[in-house]
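[1] need coordinates for the following:
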Amino acid sequence: MGDYQHQPVLLEEVVEAFNIRPDGKYLDGTFGRGGHSQAIMACLSPKGCLFALDRDPEAVSAGKELLGNDPRFFIVQGNYADMKRYVRDWGVEEGLDGILLDLGVSSPQLDNPDRGFSFMGDGPLDMRMNPLQGVTAADWLAEAPERELARVFWEFGEERYARRIARSIVMARQHQRLDTTGQLARLIEQTIGRREQKKHPATRCFQAIRIYINNELAHLAQGLEAGIESLRPGGRLVVISFHSLEDRLVKRTIREAVRPGQVRRNIPAHPDLKPVLKQINKAIRSSAKELSVNPRARSAIMRVAEKL
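    This next block holds a predicted model:
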């Protein structure tokens with residue numbers, strides 16, 4: 001599995017947000033390398049339990065190796081968007097006490113060039129969360145029409161030069177297939193140049209391709225709804241997002257469950273619709289102390305809501 005280190009973001013804040021019941025039942029919907037799961041497990045009694053999901057088979061293997069001998073821990077390879085089915089299979093009829101979704105890509109995925117998520121090391125253009133399922137980024141880039149490329153870069157990466165980059169990809173692939181992260185990153189840099197000091201010009205397109213290939217926003221929308229339904233009254237939903245597209249969706253979903261039917265902030269919620277959640281605190285960001293040891297946490301935003 002390699003020696004890729006992963007530092008869980010907002011670790012203390014997650015544990016505090018859950019207000020953990022020692023005998024409770026919790027779900028880590030994005031196990032990663034288990035940092036959050038270990039912290040939650042440390043707060044549980046022998047009667048408590050933690051269920052975990054991850055799309056990545058390497059993460060599931062890491063989970064079994066790390067916590068597989070603990071009878072309070074259960075992990076399967078799966079998508080948190082399908083959590084209702086897993087919760088039913090686990091026999092949690094009364095609902096969960098807490099659900100964690102830590103979105104985005106883990107450090108082991110980013111740091112392993114073979115996974116193709118990052119342009120920091122040259123590797124195959126894969127980008128699939130589950131490398132055994134779906135279309136690779138390279139295959140999509142080889143076949144997608146120019147208009148579709150531009151739409152994805154704009155919609156999922158908010159890339160202002162989406163059309164220009166799409167056109168360059170279409171022209172380049174007529175001569176040579178784009179098979180590596182280095183090829184794509186260099187092409188984007190040659191197309192639009194370096195316009196931001198602290199951000200590589202390929203950052204937004206890599207994000208967009210990853211989101212599109214893995215259908216992340218659709219799964220997030222489905223997972224948030226499933227999560228709300230799967231909580232018991234008093235159970236808490238904790239979501240950590242890493243970019244504005246994710247956070248907007250999380251914020252909107254929580255707001256609509258807190259004030260159903262409210263079109264604008266200064267207009268009352270619909271009187272016939274009852275709130276499903278209550279918001280706990282405002283958005284939480286990483287402390288300066290955490291950022292000093294884990295710079296990747298700089299874009300993390302955590303939102304917390306409680307089931308009514």
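[2] could you find the closest non-adjacent residue to Ala138?
    Once flanking residues are discounted, Ala138 sits nearest to Leu125: 3.9 Å by Cβ to Cβ, 6 or more residues apart in numbering. All C-beta atoms are positioned from the backbone trio N, CA, C, and that covers glycine.
[3] does the one you found really touch Arg115, like I thought?
    No: counting by Cβ atoms under 8 Å, Leu125 sits too far from Arg115 to count as a contact (10.2 Å).
[4] pick out the residue closest to the middle of the protein.
    In the chain, the residue lying closest to the centroid (Cα atoms, centre = their mean) is Leu103, at 1.7 Å.
[5] for that residue, give its distance to Val9.
    11 Å (Cβ to Cβ, to the nearest Å).
[6] spell out which residues are contacts of both of the two.
    Ile240 (Cβ atoms under 8 Å, 6 or more residues apart in numbering).
[7] lowest-pLDDT helix or strand in this structure?
    Taking mean pLDDT, DSSP states H and E as the measure, helix 107-111 is the helix or strand of the chain with the lowest mean score, a mean of 82.
[8] buried sites along the helix or strand following that helix?
    Following helix 107-111 in sequence order, the next helix or strand is helix 137-143 (DSSP states H and E). The neighbour-count check on helix 137-143 (16 or more other Cβ atoms under 10 Å) flags Ala137, Ala138, Trp140, Leu141 as buried.
[9] what does stretch 234-254 give?
    Residues of stretch 234-254 classed as buried: 235-243, 245-247, 249-251, 253-254 (neighbour count, 16+ other Cβ under 10 Å).
[10] list the contacts of Arg194.
    His200, Pro201.
[11] for it, what are phi and psi?
    Arg194 adopts backbone torsions of phi -100, psi 110, taken as degrees, to the nearest 10.
[12] one more: Asp54?
    With angles defined as degrees, to the nearest 10, Asp54 sits at phi -160, psi 140.
[13] and for it, the neighbour number?
    Per other Cβ atoms under 10 Å, the neighbour tally for Asp54 reads 27.
[14] pLDDT at it, what is it?
    If you check Asp54, the pLDDT there is 96.
[15] and the gap between it and Ile99?
    As for Asp54, its distance to Ile99 is 14 Å (criterion: Cβ to Cβ).
[16] now Glu158
    Counting by Cβ to Cβ, the gap from Glu158 to Ile99 is 28 Å.
[17] more neighbours: the two, which one.
    The residue with more neighbours, out of Glu158 and Ile99, is Ile99; 28 against 14, by other Cβ under 10 Å.
[18] before we move on, which element is that one in?
    strand 96-102.
[19] and the contacts of that strand?
    Contacts of strand 96-102 (Cβ under 8 Å, 6+ apart): 8-9, 14, 18, 20-21, 24-30, 32, 36, 40, 51, 80, 83, 87, 220, 223-224, 227, 230-232, 234-240.
[20] and that strand, which strands flank it?
    Paired neighbours of strand 96-102 in the sheet (DSSP bridges): strand 25-28 (parallel), strand 231-241 (parallel).
[21] count residues in the vicinity of the nearest residue to Ser118 once chain neighbours are set aside, would you?
    Spatial nearest neighbour of Ser118, chain neighbours left out: Leu110 (4.8 Å); criterion: Cβ to Cβ, 6+ apart. Counted by other Cβ under 10 Å, the residues lying close to Leu110 total 17.
[22] neighbours of Val293, how many?
    There are 8 residues near Val293, going by other Cβ under 10 Å.
[23] ok, Gly91 next?
    Look at Gly91: counted by other Cβ under 10 Å, it has 7 neighbours.
[24] just Gly68 next, same as before
    14.
[25] what's the distance between it and Ala144?
    As judged by Cβ to Cβ, Gly68 and Ala144 stand 40 Å apart.
[26] next: Arg167.
    Taking Cβ to Cβ, one finds Arg167 at 13 Å from Ala144.
[27] the two: who's more crowded?
    It is Ala144, of Arg167 and Ala144, that has more neighbours when counted by other Cβ under 10 Å, with 20 against 15.
[28] got a list of what the closest residue to that one other than its chain neighbours touches?
    With sequence-adjacent residues excluded and distances taken as Cβ to Cβ, 6+ apart, Ala144 is closest to Val152, at 7.7 Å. By Cβ under 8 Å, 6+ apart, the residues touching Val152 are Ala144, Ala208, Ile209, Tyr212.
[29] so the second one sits in a strand?
    No: the assignment for Ala208 by DSSP: H, G, I helix; E, B strand; the rest coil gives helix, which leaves it out of any strand.
[30] that one - how many residues pack around it?
    Counted with other Cβ under 10 Å, the neighbours of Ala208 add up to 23.
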